[in-house]
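Chemist: Fold the following.
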Amino acid sequence: MSCNWPLVKLADVACIITTKIDANQITKDCYISTENMQPYKGGVSSADSLPSAAKFNSFRVGDTLFSNIRTYFEKVWLASFSGGASADVLIFRTKDESVLLSEYLYHLLSSPEFIEFTVRTSKGAKMPRGDKGAMMDFEFKLPPVEIQKIIACSLQGLERKVRLNSQ
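Modeler: Numbers count the residues shown, from 1 in each chain. Sure, this is the predicted structure:
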């Protein structure tokens, strides 16, 4: 079945958001940095403090936030609220929900294949950072939206069970 799915680059169906929001519109509860993203898709917590910046990158519900430092920690989160993020957190958004669902994009970006790809293409030794250009060149088979819904729903159910068991 997947043989017929088209091979696409991430850049064809998603983009990295760099839209800014004024820092005075952000609270510690809606600010995301690599420090308050939990490893291994563990979600996010409230920030301890806000940096002294005038603007942050703006994200919204349904965006996938990806910590770009030490990507092997798998700090990936599907935004359940809107807010601002540090420059070290990449904000991915689907270009067209009728082609790529935001929930499927999250699972794609948190997949072992994508994480391994970011580790292999990262730059730097002590604090390796993912290469945005390489990430956008990541290729994958894109199933139809109906199949994406089934896959995303199944994976969300499994993640929910894992979280409950971890508690």
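
Chemist: roughly how far is the worst-scoring helix or strand of the chain on mean pLDDT from the heart of the chain?
Modeler: Least confident helix or strand of the chain, by mean pLDDT, DSSP states H and E, is helix 145-166 with a mean of 82. Relative to the mean C-alpha coordinate of its chain, helix 145-166 is positioned 16 Å out (Cα atoms, centre = their mean, to the nearest Å).

Chemist: And for stretch 137-145?
Modeler: For stretch 137-145, the distance to the chain centre is 16 Å (Cα atoms, centre = their mean).

Chemist: same deal with stretch 121-133?
Modeler: Worked out by Cα atoms, centre = their mean, stretch 121-133 lies 16 Å from the chain centre.

Chemist: Pull up the distance across stretch 25-32, start to finish.
Modeler: 13 Å (Cα to Cα, to the nearest Å).

Chemist: tell me the mean pLDDT over it?
Modeler: For stretch 25-32, the mean per-residue pLDDT is 97.

Chemist: buried sites along that stretch?
Modeler: 26, 30, 31, 32 (16 or more other Cβ atoms under 10 Å). Using the backbone N, CA and C atoms, a C-beta is placed for each residue, glycine as well.

Chemist: before we move on, the earlier item: give me the helices and strands touching the least confident helix or strand of the chain, please.
Modeler: helix 102-109 (3 or more Cβ pairs under 8 Å, 6 or more residues apart in numbering; DSSP states H and E).
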